[in-house]
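[1] Turn this into a model:
(one chain, ligands or ions: 1)
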Amino acid sequence: MRADYTLSRLYVTDAITGGVQIELPKPQAHYIATVMRRSEGDAVRIFNAEAGEWRADIIAASKKSVSLRVETQLRAPEPMPDIWIIFAPVKRARTDFIIEKSTELGAAQIHPVITARTQFPKLRLDRMQAQVIEAAEQTERLDIPAVFDPVKLEKMLTDWDAGRTLIFADEAGGGQTALEAAQGLAGPAAILIGPQGGFTDSERDILKSKPFVRPVSLGPRILRADTAALSMLTLYQAASGDWR
Ligand code: SAH
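    Numbering: from 1, shown residues only. Predicted coordinates:
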C-alpha cells in the first residue's frame, strides 16, 4: 500500500510495531495538536529506518502531549544508496541549504570537514539533527541521514576506510568528469566539496596521493560549494544510485 500523503509524517525513535502505544515528544505533540489541529481519532504516519512507515491513530491529544497507537505498516524498510556528503561549512544559509538538499537527494551521512581555508568551522550538531529530521519527514525517506561534528581533513583521511571511494570535487580540474566518476561506482562512496576559498595545493597533493581518492571536474565554471554538492549528488544518484 502506498502512503497517504495527506497524513502528517513523523520520525520517531521508539521501536515501532503494530499495537504499541507511542508518546510523541513535546515539539512533535505541539506540531500535531496545535499546528496541524489533529485530535483523537485522526491518523498520522510514523517512520524510522528499522520499522519502515506505519499508520498510527491518535488516541489522546492535548496541547502538550499526543499519544498514538500503531496500526498498520504502510512501507517496509528499504535499502538506501551508500553515499556520503563531506563538505567544508560555508555561510549559515548555504550550509543549511546543503544539509537540507543532501537529505532530499538521499545522502546516507553528512560530514562537515575543516580544511585550511574553511571560514565557518562551527556547526551545532543538535541543529543539524533537527534539520535532517525535518527534511526527511517531508521528503518521504524512511531513514535519517547521520550527522557528525566537524573533523579536520587530515584526520578524516588518516581514518578513512579504503573500501569507500572518495569523489574529490577539484575546482583545479584535470580529473575525470564527474559523470564518468559517478558511473563507474560499485561500492560505497563519498563526495568531498571544498570551502569558498577552495583547496590549497598541499591539500590537493595529499588528496591525490590516496588510492581511494578520485579527483573529478564539474566543468569549466567554478560552482559555489552548495551548487557543487547538489550537482555531484545528483550525478551520483542518476548514474549509480537509486534514481531508477
Ligand atoms: N575559490 C575557489 C573555488 C571554490 S568553489 C576557486 O576560485 O578556485 C567550492 C568547492 O566547490 C570547491 O572546493 C570544489 O570542491 C567544488 N567545485 C566548484 N566548482 C567546481 C568545478 N568546476 N569542478 C570541481 N569542483 C568544483
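[2] what sits against whichever residue of the chain sits closest to the ligand?
    Per Cβ to the nearest ligand atom, residue 194 is where the chain lies closest to the ligand, at 2.4 Å. (Glycine included, C-beta is placed from N, CA and C.) Applying Cβ atoms under 8 Å, 6 or more residues apart in numbering to residue 194 gives the contacts 88, 115, 117, 169, 171, 225.
[3] Ok, residue 38 next?
    Here residue 38 is in contact with 8, 32, 44, 58, 61, 66 (Cβ under 8 Å, 6+ apart).
[4] Could you list the residues of the protein in contact with the ligand?
    Contact residues (Cβ under 6 Å from any ligand atom) of the chain with the ligand: 169-171, 193-194, 196-199, 217-219, 221-223, 225, 228.
[5] repeat that with 5 Å
    169, 171, 193, 194, 198, 217, 218, 222, 223, 225, 228 (Cβ under 5 Å from any ligand atom).
[6] Now for the residues you listed: which two are most distant?
    217 and 225 (15.4 Å; Cβ to Cβ).
[7] mind checking the end-to-end distance for stretch 211-222?
    One end of stretch 211-222 to the other measures 26 Å (Cα to Cα, to the nearest Å).
[8] Ignoring the adjacent residues along the chain, who's closest to the residue minimising distance to the centre of the chain?
    A centroid search over the chain (Cα atoms, centre = their mean) returns residue 103, at 3.3 Å, as the residue closest to the centre. Excluding the flanking residues, the one nearest residue 103 by Cβ to Cβ, 6 or more residues apart in numbering is residue 135, at 3.7 Å.
[9] Kindly report the same for residue 167.
    residue 191 is the one closest to residue 167 (Cβ to Cβ, 6+ apart), at 4.9 Å.
[10] Surely the one you found forms part of a strand?
    Yes: using DSSP: H, G, I helix; E, B strand; the rest coil, the secondary structure at residue 191 is a strand.
[11] show me what contacts it?
    Counted by Cβ under 8 Å, 6+ apart, residue 191 has contacts 83, 84, 85, 86, 167, 169, 229, 232, 233, 236.
[12] Sheet partners, orientation included, of the helix or strand hosting the third one?
    Counting by DSSP states H and E, the element that carries residue 85 is strand 83-87. Sheet partners assigned to strand 83-87 using DSSP bridges are listed as strand 109-114 (parallel), strand 189-193 (parallel).
[13] Counting by contacts, list what whatever helix or strand residue 207 lives in packs against.
    Under the criterion of DSSP H and E, residue 207 resides in helix 201-209. Secondary-structure packing of helix 201-209 (3 or more Cβ pairs under 8 Å, 6 or more residues apart in numbering; DSSP states H and E): helix 153-158, strand 165-169, strand 213-217.
[14] what's whichever strand or helix holds the residue nearest to the centre of the chain packed up against?
    Applying DSSP H and E as the criterion places residue 103 in helix 92-104. If contacts are counted by 3+ Cβ pairs under 8 Å, 6+ apart, helix 92-104 sits against strand 83-87, strand 109-114, helix 125-139, helix 225-239.
[15] ok, and for that helix, which residues are buried?
    Residues of helix 92-104 classed as buried by neighbour count (16 or more other Cβ atoms under 10 Å): 94, 95, 97, 98, 99, 100, 101, 102, 103.
[16] Nearest to residue 122 among the residues you listed?
    Taking Cβ to Cβ as the measure, residue 122 lies nearest residue 95 of those, at 10.4 Å.
[17] The closest one touches residue 122, doesn't it?
    No: assessed by Cβ atoms under 8 Å, residue 95 is found out of contact with residue 122, at 10.4 Å.
[18] Overlap in contacts, those two.
    Both residue 95 and residue 122 are in contact with residue 89, where contact means Cβ under 8 Å, 6+ apart.
[19] what stretches of this protein score poorly on pLDDT?
    Within the chain, the segments meeting pLDDT under 70 span 1-3.
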